[in-house]
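Participant: next come a sequence and a model predicted from it.
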2 protein chains.
Amino acid sequence: MPKRVDHEERRAQIAEALIRVAGRQGLHAVGMRDVAAEAGVSLRLVQYYFETKEKLLFYGLQHLTGLFTARVGARLAAAGPHPGPRATVEALLLASLPIDEESRTFHLVYTSYAILSVTDEALAAQPFIDNPDAAENALAGFIEEAKAAGLVGPGIDARVEAIGLLAMAAAMGTSMLVGQRTAESAIAVLHHHLDRIFATA
Amino acid sequence: MPKRVDHEERRAQIAEALIRVAGRQGLHAVGMRDVAAEAGVSLRLVQYYFETKEKLLFYGLQHLTGLFTARVGARLAAAGPHPGPRATVEALLLASLPIDEESRTFHLVYTSYAILSVTDEALAAQPFIDNPDAAENALAGFIEEAKAAGLVGPGIDARVEAIGLLAMAAAMGTSMLVGQRTAESAIAVLHHHLDRIFATA
DNA sequence: TCGTTCGTGATACGACCGTACCATGATGTT
DNA sequence: AACATCATGGTACGGTCGTATCACGAACGA
């Protein structure tokens, strides 16, 4: 047999090439040949490791969420060893804003997948990400924790605020993507609401 | 000369066919032939009234925003002759949620255009909609008006709240589109924040 | 050592897409 | 009445896309 290459590693390389070219040209405009060229391999290789384009796209989505999860984790770790609930929530929200090229690509490609899954039933069949409510549950948990510690007012509904914060971060991220909003503006709005929620009244 | 047809009306018919098929298959998957079949005309006709696909897409975006504006106006008119600021804001927000087939199509196709404009410079060159800040300015104005009337507390920043409300409506709308959130849940979150803003404390 | 199997390349095929071209009634104008 | 022009249909062309096919070297098992 030949070199006995690591299939999973190769698939990851190709998937990252897919994500890069999708971030550059848009997910709809990505072809097998583009991915092959970006990864520096032949078209046949892409076919070999992902037999069909549908499987390539699906693997790419999984890989993208994995990369994003890792990025959020790194941002959280950079926030310090034992950050308070507010710092944690703030880090989570800011990590999802498209502020640099990497997060810009994440946001664009992920949103493209979301839109694609509306009309592509093969994508919608699988759970869209590992757990769509994971971020919401995490945020609600941190706010609840802060509430128990007396850091937020009694009139605050943790789940409603978690949903609202995530929704604002997502939509303002898209606005940043299309050039309708600056990062400073989006961050200011998030800070305003964080100040409101974490008011030590 | 032949029938001397109204070009603008014909273009509108074709554009609406484009929007319908885009709502069904996704904007990325619409071809000239699909639009022609949906409109019940020949491929040549679509070429005749829109010489190129790019022009068809651009006209479709303009037409879509026009239809949406008309829908929002109708919803506002249905809210009564002289609704209060809160009722107006609520009507504006709820009109943008994808609750029926028409608004579902609006939301999907409009978001598809937004994502497309990130990578398609021809679309991004034109101002993405007539005035991206129109809705934000309108909402901020209504909240400010309510503030002057003493209907909202003094600690409320009208513009920040307007941005936040619109962002929440947009992102939760997309969540509804992909099946991650129910309409009831989205409306409840919006009501919660409206109650907070319009608190006659 | 030898054959089987894995990894890789080049290329071909059929379908579809956007666009261009040619043809032809229908209808005004002169 | 005749001609120019608008509206419309049919069809062909070049390109690209996803997929399939053929071919070959390289390495491990027996």
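Facilitator: Cool, the structure landed.

Participant: next, find the distance separating residue A:64 from residue B:180.
Facilitator: Residue A:64 is 17 Å from residue B:180, where distance means CB to CB, to the nearest Å. All C-beta atoms are positioned from the backbone trio N, CA, C, and that covers glycine.

Participant: show me which of the two is the more surrounded one.
Facilitator: The neighbour comparison of residue A:64 against residue B:180 (other CB atoms under 10 Å in any protein chain shown) goes to residue A:64, with 22 against 17.

Participant: quick one: secondary structure of that one?
Facilitator: Under DSSP: H, G, I helix; E, B strand; the rest coil, the three-state class of residue A:64 is helix.

Participant: with residue A:179 instead?
Facilitator: Put simply, residue A:179 is coil when judged by three-state DSSP.

Participant: tally of neighbours for it?
Facilitator: Residue A:179 has 12 neighbours, counted by other CB under 10 Å.

Participant: where's the closest residue to it other than its chain neighbours, which helix or strand?
Facilitator: Using CB to CB, 6 or more residues apart in numbering or on different chains and skipping the chain neighbours, the partner closest in space to residue A:179 is residue B:124 (7.3 Å). Residue B:124 belongs to helix B:121-125 when elements are defined using DSSP states H and E.

Participant: equivalent analysis for residue A:24, please.
Facilitator: If you go by DSSP H and E, residue A:24 is part of helix A:7-25.

Participant: next SSE after that helix?
Facilitator: helix A:32-39.

Participant: do that following helix and chain B meet at all?
Facilitator: No. Counting by CB under 8 Å from any CB of the partner chain, chain B is not contacted by helix A:32-39; separation bottoms out at 12.7 Å.

Participant: hmm, that helix touching DNA strand C?
Facilitator: No. Legend: contact between helix A:32-39 and DNA strand C by CB under 7 Å from any atom of the strand is lacking; minimum distance shown is 8.3 Å.

Participant: quick check: angle from that helix to helix A:7-25?
Facilitator: 110 degrees (axes from the mean of the first three to the mean of the last three CA atoms, to 10 degrees).

Participant: mind listing what's buried along the helix holding residue B:124?
Facilitator: For helix B:121-125, a neighbour-count test (16 or more other CB atoms under 10 Å in any protein chain shown) marks residue B:123 as buried.

Participant: elements contacting the lowest-mean-pLDDT helix or strand in chain A?
Facilitator: Least confident helix or strand of chain A, by mean pLDDT, DSSP states H and E, is helix A:121-125 with a mean of 88. Counting contacts by 3 or more CB pairs under 8 Å, 6 or more residues apart in numbering or on different chains; DSSP states H and E, helix A:121-125 packs against helix A:53-78, helix A:101-119.

Participant: C-alpha coordinates for that helix, PDB please?
Facilitator: C-alpha atoms of helix A:121-125 as PDB (Å, rounded to 0.1, in the frame of the first residue of the first chain):
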ATOM      1  CA  GLU A 121     -33.400  19.600   3.100                       C
ATOM      2  CA  ALA A 122     -30.300  17.400   3.200                       C
ATOM      3  CA  LEU A 123     -28.500  20.000   5.400                       C
ATOM      4  CA  ALA A 124     -31.600  20.700   7.400                       C
ATOM      5  CA  ALA A 125     -32.100  17.000   8.200                       C
END
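
Participant: what does it contact?
Facilitator: A:54, A:57-58, A:61, A:113, A:116-118, B:178-179 (CB atoms under 8 Å, 6 or more residues apart in numbering or on different chains).

Participant: from residue A:62, how far out is the residue most central in space within chain A?
Facilitator: Geometric centre of chain A, nearest residue: residue A:68, 4.7 Å, by CA atoms, centre = their mean. From residue A:68 across to residue A:62, the span is 11 Å (CB to CB).

Participant: what's the answer for residue A:176, then?
Facilitator: Taken as CB to CB, the span from residue A:176 to residue A:62 is 25 Å.

Participant: same deal with residue A:30?
Facilitator: Residue A:30 sits 16 Å away from residue A:62, taking CB to CB as the criterion.

Participant: which one of the two has more residues nearby?
Facilitator: Taking other CB under 10 Å, residue A:30 and residue A:62 do not tie; residue A:30 has more neighbours (25 against 13).

Participant: and the one residue in chain A that gets nearest to DNA strand D, how many neighbours?
Facilitator: Going by CB to the nearest atom of the strand, DNA strand D is nearest to residue A:31 of chain A, at 3.1 Å. As a burial measure, residue A:31 scores 13 neighbours (other CB under 10 Å).

Participant: so residue A:165 makes contact with residue A:96?
Facilitator: No. Using CB atoms under 8 Å as the test, residue A:165 is too far from residue A:96 to be in contact (10.3 Å).

Participant: comparing these two, which residue is more hemmed in?
Facilitator: Taking other CB under 10 Å, residue A:165 and residue A:96 do not tie; residue A:165 has more neighbours (25 against 21).

Participant: and the more buried one, what's its pLDDT?
Facilitator: Here the pLDDT value assigned to residue A:165 is 98.

Participant: check which residues of the one helix or strand it maps to are buried.
Facilitator: Taking DSSP H and E as the definition, residue A:165 sits inside helix A:158-177. Of the residues in helix A:158-177, those with enough neighbours to count as buried (16+ other CB under 10 Å) are A:158-177.

Participant: I'd like the next helix or strand past that helix.
Facilitator: helix A:183-197.

Participant: packing partners of that next one?
Facilitator: helix A:85-95, helix A:158-177, helix B:158-177.

Participant: now residue A:132: closest residue in space that isn't a chain neighbour?
Facilitator: residue B:180 (4.8 Å).

Participant: what of residue A:142?
Facilitator: residue A:85 is the one closest to residue A:142 (CB to CB, 6+ apart), at 4.4 Å.

Participant: how far away is the one you found from residue A:92?
Facilitator: Distance from residue A:85 to residue A:92, by CB to CB: 11 Å.
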